[in-house]
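Student: Need coordinates for the following:
(4 chains)
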4 protein chains.
Amino acid sequence: MNSKLRITFIGRIMRARDLITFNGTPGKFNSITDIDDIEVGHSTIIKGHNKLIVGEGPIRTGVTIIFPRGKANFNTPVFAAYDVLNGNGEMTGTTWVEESGFLETPIGITNTHSVGIVRDSLIKWITNYSTSSNIPRFSLPVIAETYDGVLNDINGHHISEEHVLEAINNSKQFPVEEGNIGGGTGMICHQFKGGIGTSSRTVNINGNSYSVGTLVQANYGIRKRLTINGLNIGNQLSYNLPEIQDDYTPGNGSIIVIVATNAPLLPNQLKRLARRPSLGIGNVGGIGSNGSGDIFLAFSTANINAFNRKENTSIEMLSNDMIDPLLQSVVESTEESIINALFAAKTMIGINDNKVYELPLGKLKTILN
Amino acid sequence: MNSKLRITFIGRIMRARDLITFNGTPGKFNSITDIDDIEVGHSTIIKGHNKLIVGEGPIRTGVTIIFPRGKANFNTPVFAAYDVLNGNGEMTGTTWVEESGFLETPIGITNTHSVGIVRDSLIKWITNYSTSSNIPRFSLPVIAETYDGVLNDINGHHISEEHVLEAINNSKQFPVEEGNIGGGTGMICHQFKGGIGTSSRTVNINGNSYSVGTLVQANYGIRKRLTINGLNIGNQLSYNLPEIQDDYTPGNGSIIVIVATNAPLLPNQLKRLARRPSLGIGNVGGIGSNGSGDIFLAFSTANINAFNRKENTSIEMLSNDMIDPLLQSVVESTEESIINALFAAKTMIGINDNKVYELPLGKLKTILN
Amino acid sequence: MNSKLRITFIGRIMRARDLITFNGTPGKFNSITDIDDIEVGHSTIIKGHNKLIVGEGPIRTGVTIIFPRGKANFNTPVFAAYDVLNGNGEMTGTTWVEESGFLETPIGITNTHSVGIVRDSLIKWITNYSTSSNIPRFSLPVIAETYDGVLNDINGHHISEEHVLEAINNSKQFPVEEGNIGGGTGMICHQFKGGIGTSSRTVNINGNSYSVGTLVQANYGIRKRLTINGLNIGNQLSYNLPEIQDDYTPGNGSIIVIVATNAPLLPNQLKRLARRPSLGIGNVGGIGSNGSGDIFLAFSTANINAFNRKENTSIEMLSNDMIDPLLQSVVESTEESIINALFAAKTMIGINDNKVYELPLGKLKTILN
Amino acid sequence: MNSKLRITFIGRIMRARDLITFNGTPGKFNSITDIDDIEVGHSTIIKGHNKLIVGEGPIRTGVTIIFPRGKANFNTPVFAAYDVLNGNGEMTGTTWVEESGFLETPIGITNTHSVGIVRDSLIKWITNYSTSSNIPRFSLPVIAETYDGVLNDINGHHISEEHVLEAINNSKQFPVEEGNIGGGTGMICHQFKGGIGTSSRTVNINGNSYSVGTLVQANYGIRKRLTINGLNIGNQLSYNLPEIQDDYTPGNGSIIVIVATNAPLLPNQLKRLARRPSLGIGNVGGIGSNGSGDIFLAFSTANINAFNRKENTSIEMLSNDMIDPLLQSVVESTEESIINALFAAKTMIGINDNKVYELPLGKLKTILN
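Tutor: Predicted structure coming up:
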């Protein structure tokens, strides 16, 4: 019944906005890929059942790759910055983003124990293009993670180079799949099934239209704090808690948020955007708990010629005084992305028959009414 | 009528908790002063009416002083850390807090253009005790501010040393006055009258009872995002907007949050607490807008012997894995402190007859029901 | 004899470069004011002798004001960033510099206990221009300090608004006085008399000539680590240590370094420059000791139209790959500025007849040969 | 001849201290392993000659593993902090170090493109011990890198899990090999052959003896700035520059510095130590150039019981006022570690017959005399 509700009458997957009124105006597809040429690709591995045998499975994991300017322009850097709400996690490559103001590589998101293989594999893919004139001698890619070991044989290290290549090859602008897909495959959010979610906002600043998009890999939070549209939903949906055989501390997950905009922001202004997903997470009931790796990266697709190894470049810059609609959009779009992840994710059974339930949309609809 | 509602039947000022159900268990007085020996003192200047004549008035300003260990132990440092949501503001002394891990002075909060006089006056007061054996040769006090120039003759610089001394002398543990008082006298919050607010939480961790308290000087936010208990109240209370003759951009204020705990946290753990007021502000509808100086300081009254100039000291440390109830308490207590400020503040008319209305409690009660 | 040596045969004050070979090419006046329209003004107070009577003297202090674009353009912001080697000091205004990427005010440098009066007085001066169309409603000026209480009645708080105005009025582009002047009046460096020093470098990047200038208020360091041109001079000049009656811990001072460039750097690139004075200080023998407030601010005079409250602006940006000559210039110019301060400062007797000797230039010359 | 000079009359490798007088007192072996139970292990791969064929070789690379408490106590965390001089590099795991104040894993150092395989392999090794009671569910190890692609087939990705295990198995307390070994195998420093170097200092603070040790993987710097003992050696040793067939920008390397101490420092105090390698690098002539990843980690082996998942712990803390000897030791030990790396490293010919010469010790001896 709930599964049916996930398909709306026009045949597409139901998204949060079909049931809930959010602030702000989304972009065309309400997706991070609304921003210029951004592409997202997933590789998903779901294999095996029942008892965990490390190295064999069951496997519930994957990789998600984001190309800030599309795959065709993978080596044209974007201005970027990052921030942290609670740092119990990994995002490689941030030291150079912070120092240089540029993100020079695609972004990967995967499980905690596969960050290394995704990093090195992405470097291999980048350096395979070494006949190109502007491939760097070395690469410091941005790879982030959340922990899927409640459902996935995480110590089996099942992600390999081929999955990274698959995610790269799968990358496209529309549509971005959500829920149990790519890096989000085995994730848990507010003790419902979580995963990948995305959203966007369009704002008008001084006659210019700008967009902000976010993509989350949501794996954090406890049920009783789950808040949708200001309502504490968690207390009303207190059943269907995860059925976990293993030692398990609810809420000990993480959330990665990637923020994109086409507004012409400098790196220090993007830092301001990167600090705002915290508030969106807070609005859904997160607190940035000790076990959570809440790490955020923001980039701008404007200023396509900003990066140059030899010449001075000319940059367009938005006035700080005009930035508020973008800050607010990050808050709103992060919130909606998380709830989109919850809407799209379906009940999953993983290692040791651990079972995580999907958000019951029918019941939610009743509550919201 | 509203003013009457502010006094409950038992004769005390109504606080938010009288109308609203908040998460968590407050301390005895639901105040930052619930934590050990903390004292708070205010000096308030309200003088003159009508047209602004710089240097004459009208004056609507003040100073608030916080003693982390009480006035009697003003020179016994506390472990401390600070963080920033949006840095359009000032908090002096943070460089040494960050470097040393200690807050060695009382805290002052005032208006933007009087930070200097409060700082130097506080130093004078400290060095007057120079017969004491452990008065430092020099002092780098923590003074923070928000902007009250919509109601106050801020460029008249009406705060003087005597007001700082008055706030010091007034300092006491109970009760902490809220609203139009001390540094909060001329402040505006979500386009209602704002000011000082406080709250606290008590949690049980591993059999130990710990408290978290917060004090805010709330001067930020726009009406239409005002959220109380998850409900967007701002859209329903869209009247009684400030009546301002001058050039005025709503929401261009700031919020200072002081977080105190008696839990034995190291400076790097206090940094984690200092990062959480953002989420409480977000829950009330703030976004950390460009014009806002949202700066937060957290300190712990535990480890009273930690600071020693010559000897190694013995410190107690809470396990990181046990910190979540404290993080959540900061979020909740910040939220309630802001709403307490709104409950206590009364309608004020300031320079050029600019008028800022109080939160209409009667109407709020109706909406919440 | 040494005093004579301080005057070269052409009648001007001797500077370090007259005796020492430094790396790099200085600007025309080897001064921070070589960069575009920068102006520096000092106000110096030297009054009274013998025993310290707090509030009376002796007084050995002052204020230095720096206008990044000259006094005439005091309200045209510059891109800026700051960094800290050891944070036992104060630099107000840095929170907004970090957040916005802009320095919007003149810079003040004074003694530790007069930061407040300099800050508020500078705000008064700024707001006196309030008929101008682009005076901000409020101001968060950058005021830094080092401690002169070994020679000066620091708790007498002798700096007043008039001295700030005097420094402002005195500001000019050439020449910048060094040594016992302005904020540097009562300072001590490597246990010789210290104070204000300045230097600059000119480099060629891709056919463009850029300059870097530094100004220091040098008040740090112990004698035995004093290093000039790689030579440990301190061990050879181990006599003429300060003669101090009071409790005194050598090396417990600080150094403020202001870095200016006309190269078109973004705020995040200026952060990179702001991190380099540490290395210049290290080359003179500093270690950033616990008692030291080593705080650095870097700004760029390029991109004069970057700041705009309403419109997007067009910015020029230097390639990160071209930045090394600027980084190296900061290291070199900081080193030379410190040694210039030592060359210019003369022996001073202050409170309680505490005496601090000047660097003996004649002896130094002998050692260097 | 130089090679001979590398062996002193007592049959051991010559180290910098055999020719040069450094400040301070080293520990017993003048090595990072002088501190408590620290162990260091290397795995070195040197294979093939002549033309680069990606995937085949020549190979000049390796891995170095550091156990802060020795291999036997690999899972007992240490207090830690990190800092950055110039961030063109990678050090994974720092987000959690910064957040928690603990380093919970061994440290790996390798080449830029093998960080991933070293990370995931180290996780595998850690989780193999999962029968132990205190193995964490997940791991965020600290892996750092510098670029060896001038001599090594870096895009051949020759490091595999077996090399990580070999470095782990090789780990021991004494002696620590230096030069062309482990992660340092293919590195270049000031355009001489660089690599691994180590040093230590012992200081007396208030009657307690504490040690500071450093280990560097040195791969940075240009010849003409090479400074030894304050003397510009680079200008006098301007021959034997690297003979490189490929596109090569001198100085575009990096330096990783690991700082260890047994002094009881809190994480925020370790941050202070982590900021001081910059000054040691500066003293050898480094400037933190744009292409350099200068990333530093500091940890303390004291407070062995600090980490506990459930109970409060009791910590010993050194007074900030007593920290200077430790800060100075970091500066000095970093400097000596770099020069030790230069002393130990031997001339190497790598891919495409690129040749990097060793520091000519005989000639250096002549210059220093």
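Student: going forward, measure contacts between C-alpha atoms and count neighbours the same way
Tutor: Noted.
Student: any low-confidence regions in chain A?
Tutor: A:1-12, A:130-134 (pLDDT under 70).
Student: now stretch A:88-103, how far from the centre of its chain.
Tutor: Its chain's C-alpha centre and that of stretch A:88-103 lie 16 Å apart, by C-alpha atoms, centre = their mean, to the nearest Å.
Student: Wondering if that stretch reaches chain B at all.
Tutor: No. Applying C-alpha under 8 Å from any C-alpha of the partner chain, one finds stretch A:88-103 separated from chain B by no less than 10.9 Å.
Student: next one: stretch A:236-243
Tutor: No. No part of stretch A:236-243 sits near chain B under the criterion C-alpha under 8 Å from any C-alpha; the closest distance found is 14.9 Å.
Student: how about that stretch: buried residues?
Tutor: Across stretch A:236-243, burial judged by 16 or more other C-alpha atoms under 10 Å in any protein chain shown covers A:L237, A:L241, A:P242.
Student: who's in contact with it?
Tutor: A:Q191, A:F192, A:R223, A:K224, A:N354, A:K355, A:V356, A:Y357 (C-alpha atoms under 8 Å, 6 or more residues apart in numbering or on different chains).
Student: Skip the chain neighbours and tell me the closest residue to whichever residue of the stretch 1-150 of chain A sits closest to chain D.
Tutor: Across the stretch 1-150 of chain A, no residue is closer to chain D than A:G116, which sits at 3.3 Å (C-alpha to the nearest C-alpha). Spatial nearest neighbour of A:G116, excluding adjacent residues (C-alpha to C-alpha, 6 or more residues apart in numbering or on different chains): D:G116 at 3.3 Å.
Student: quick one, what contacts the residue of the stretch 1-150 of chain A closest to chain D?
Tutor: So A:G116 contacts D:V115, D:G116, D:I117, D:V118, D:R119, D:D120 (C-alpha under 8 Å, 6+ apart).
Student: Can you give me the buried ones in the helix or strand containing the last one?
Tutor: Right, the one you point to is D:D120. In this assignment (DSSP states H and E), D:D120 forms part of helix D:115-127. Residues of helix D:115-127 classed as buried: D:V115, D:G116, D:I117, D:V118, D:R119, D:D120, D:S121, D:L122, D:I123, D:K124, D:I126, D:T127 (neighbour count, 16+ other C-alpha under 10 Å).
Student: now do stretch A:67-74
Tutor: Here stretch A:67-74 shows A:F67, A:P68, A:R69, A:G70, A:K71, A:F74 as buried, counting by 16+ other C-alpha under 10 Å.
Student: Also near chain C: which of these, exactly?
Tutor: Okay, of these, nothing touches chain C (C-alpha under 8 Å from any C-alpha).
Student: With respect to A:T21, which of the residues you listed is nearest?
Tutor: Sorting the buried residues of stretch A:67-74 by how near they are to A:T21, with C-alpha to C-alpha, puts A:P68 at the top with 28.8 Å.
Student: Disregarding flanking residues, what is the spatial nearest neighbour of the closest one?
Tutor: In space, A:P68 is closest to A:I38, 4.8 Å off (C-alpha to C-alpha, 6+ apart).
Student: Counting neighbours, what do you get for that neighbour?
Tutor: By other C-alpha atoms under 10 Å in any protein chain shown, the residues close to A:I38 number 23.
Student: For it, give me its contacts.
Tutor: Taking C-alpha under 8 Å, 6+ apart as the test, what A:I38 contacts is A:I32, A:I66, A:F67, A:P68, A:R69, A:G70, A:Q173.
Student: wait, the fourth one sits on A:I304?
Tutor: Translated: A:P68. No. If you go by C-alpha atoms under 8 Å, A:P68 and A:I304 don't touch, sitting 11.0 Å apart.
Student: wait, what's in contact with the residue nearest in space to the middle of chain A?
Tutor: Ranked by distance to the mean C-alpha position of chain A (C-alpha atoms, centre = their mean), the top residue is A:V216 at 2.4 Å. Contact partners of A:V216, counting by C-alpha under 8 Å, 6+ apart, are A:G195, A:I196, A:G197, A:T198, A:I255, A:I256, A:V257, A:I258, A:T334, A:S337, A:I338, A:A341.
Student: Tabulate those (CSV), appending distance to chain D, secondary structure and neighbour count.
Tutor: Shown next, in CSV, are the contacts of A:V216 (distance: C-alpha to the nearest C-alpha, whole Å; DSSP: H, G, I helix; E, B strand; the rest coil; neighbours: other C-alpha atoms under 10 Å in any protein chain shown):
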residue, distance to chain D, secondary structure, neighbour count
A:G195, 19, strand, 33
A:I196, 21, strand, 33
A:G197, 24, strand, 33
A:T198, 25, strand, 30
A:I255, 14, strand, 32
A:I256, 13, strand, 27
A:V257, 15, strand, 30
A:I258, 17, strand, 25
A:T334, 21, helix, 32
A:S337, 24, helix, 31
A:I338, 23, helix, 30
A:A341, 24, helix, 33
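Student: Closest to chain B out of the residues you listed?
Tutor: A:T334 (12.6 Å).
Student: Next one: that closest one from chain C, what distance?
Tutor: Noted for A:T334: a distance of 22 Å to chain C, by C-alpha to the nearest C-alpha, to the nearest Å.
Student: In space, what's closest to that residue - neighbours in sequence excluded?
Tutor: A:T334 sits nearest to A:G280 (C-alpha to C-alpha, 6+ apart), 5.2 Å away.
Student: Equivalent analysis for A:Q173, please.
Tutor: Counting by C-alpha to C-alpha, 6+ apart, the residue nearest A:Q173 is A:E39, at 4.4 Å.
Student: Distance of that neighbour relative to chain C?
Tutor: 27 Å.
Student: repeat for A:N169
Tutor: A:N169 is 32 Å from chain C, by C-alpha to the nearest C-alpha.
Student: Would you double-check that that residue falls in a strand?
Tutor: No. The assignment for A:N169, made by DSSP: H, G, I helix; E, B strand; the rest coil, is helix rather than a strand.
Student: How about the contacts made by it?
Tutor: Counting by C-alpha under 8 Å, 6+ apart, A:N169 has contacts A:G41.
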